[in-house]
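S.K.: model the following, please.
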Amino acid sequence: QVQLVESGGGLVQAGGSLRLSCAASGRTFSSYAVGWFRQAPGKEREFVSAISWTTGSSTDYADSVKGRFTISRYNAKNTVYLQMNSLKPEDTAIYYCAAQRTSTLLTNEVAYDIWGQGTQVTVSS
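M.R.: Numbering: from 1, shown residues only. Predicted coordinates:
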């Protein structure tokens, strides 16, 4: 079974950047689709980005982060990254990574069985 640990969150000013990491342990990560989700206070968890495991990985992004966030994976390090640029106060949330052993690109949180504990991202105005 894969276990996930997120890191890289923190406090940043609007317009700044952060890179989140999702590190997997337990077994190889290369055959897992991975997604990033976020939950702001008082709101439901929402999709941010996803990446498939196939060579030349497919990716998808929520409209709210397109052009600002980039998801990537480094299978040799069992890690998926979320590079977040041009951050806005509305990006403030707890960010979670999730994994599912499948070749499909998954954007729906109910499709993921494995979740990390989350990392807080706070963007000040």
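
S.K.: using the three-state scheme, assign the residue nearest the centre of the chain.
M.R.: For the chain, the residue nearest the mean C-alpha position is residue 36 (2.7 Å; CA atoms, centre = their mean). Each residue gets one of three states, and residue 36 gets strand by DSSP: H, G, I helix; E, B strand; the rest coil.

S.K.: find the nearest non-adjacent residue to it, please.
M.R.: Nearest residue to residue 36 in three dimensions, chain neighbours excluded: residue 48, at 4.3 Å (CB to CB, 6 or more residues apart in numbering). For glycine as for every other residue, the C-beta is placed from the backbone atoms N, C-alpha and C.

S.K.: now do the contacts for that neighbour.
M.R.: Shown in contact with residue 48 (CB atoms under 8 Å, 6 or more residues apart in numbering): 35-38, 61-62, 65, 69, 82, 95.

S.K.: same thing but 6 Å
M.R.: With CB atoms under 6 Å, 6 or more residues apart in numbering as the criterion, the residues that contact residue 48 are 36-38, 62, 65.

S.K.: ok, the residue nearest to the centre of the chain to residue 42 distance?
M.R.: The spacing between residue 36 and residue 42, counted by CB to CB, to the nearest Å, is 20 Å.

S.K.: also residue 60?
M.R.: For residue 60, the distance to residue 42 equals 26 Å [CB to CB].

S.K.: now swap in residue 64 and tell me
M.R.: Residue 64 is 17 Å from residue 42, by CB to CB.

S.K.: neighbour count for these two, which is higher?
M.R.: residue 64 (14 against 5; other CB atoms under 10 Å).

S.K.: where does pLDDT dip in the chain?
M.R.: Within the chain, the stretches with pLDDT under 70 are 55.
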